[in-house]
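Engineer: give me the fold of what follows.
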Amino acid sequence: MVNAVNKLAREPKILFLIDALGALLSAFLLFVVLRNFNEYFGMPETILTYLAAIAALLCTYSMACFLFLRSNWTPFVRAISIANLLYCILTAGLLIKYFTIMTFFGLTYFLLEIALVCGLVYIELKVATRIKQ
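Structural biologist: Okay, here's the model as predicted:
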């Protein structure tokens with residue numbers, strides 16, 4: 001883990017690419033897969049659309065940072081980590097709200113997504129701290 005953080009601190013551009021690709025995958029899964037097979041997941045379609053839109057915005061931000069940012073990485077890495085954390089909190093709140101209609105597959109998908117994104121948030125915050133040093 002330390003080696004990965006050190007490598008990403010030297011090349012924060014890669015972190016933004018990873019974040020953008022992950023957000024793109026989330027947006028695709030939420031908007032295309034989960035919405036079309038909603039009966040297997042349980043989350044209301046409108047909620048899936050909003051979550052997909054948020055993921056698309058996070059993807060756009062990370063891709064813009066990857067393409068255009070050349071220096072002063074720390075505030076941008078912190079910003080995406082906070083946005084990702086807020087996305088996880090929102091998703092967890094929605095899981096609680098719609099728990100009674102969620103299926104096993106829906107709960108599994110969202111809990112895995114939350115775990116993966118929280119892991120990414122941890123790495124992003126470590127990288128931001130390392131860059132600042």
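Engineer: need the nearest residue in space to I114, chain neighbours excluded.
Structural biologist: Spatial nearest neighbour of I114, chain neighbours left out: C88 (4.9 Å); criterion: Cβ to Cβ, 6 or more residues apart in numbering. (Glycine included, C-beta is placed from N, CA and C.)
Engineer: contacts only, for that neighbour.
Structural biologist: Contact analysis of C88 by Cβ atoms under 8 Å, 6 or more residues apart in numbering lists I114, V117, C118, V121.
Engineer: go on, L85?
Structural biologist: C118, V121.
Engineer: please enumerate the helices of this structure.
Structural biologist: All helices of the chain, identified by DSSP state H, fall at 2-10, 12-28, 35-36, 45-68, 74-97, 104-132.
Engineer: how far does the shortest one sit from the chain's center?
Structural biologist: Here helix 35-36 is found 20 Å from its chain centre; the criterion is Cα atoms, centre = their mean, to the nearest Å.
Engineer: what's that helix packed up against?
Structural biologist: Under the contact definition 3 or more Cβ pairs under 8 Å, 6 or more residues apart in numbering; DSSP states H and E, helix 35-36 sits against helix 45-68.
Engineer: and the helix it packs on, what's buried?
Structural biologist: For helix 45-68, a neighbour-count test (16 or more other Cβ atoms under 10 Å) marks 47-48, 51-52, 54-56, 58-59, 61-63, 65-66 as buried.
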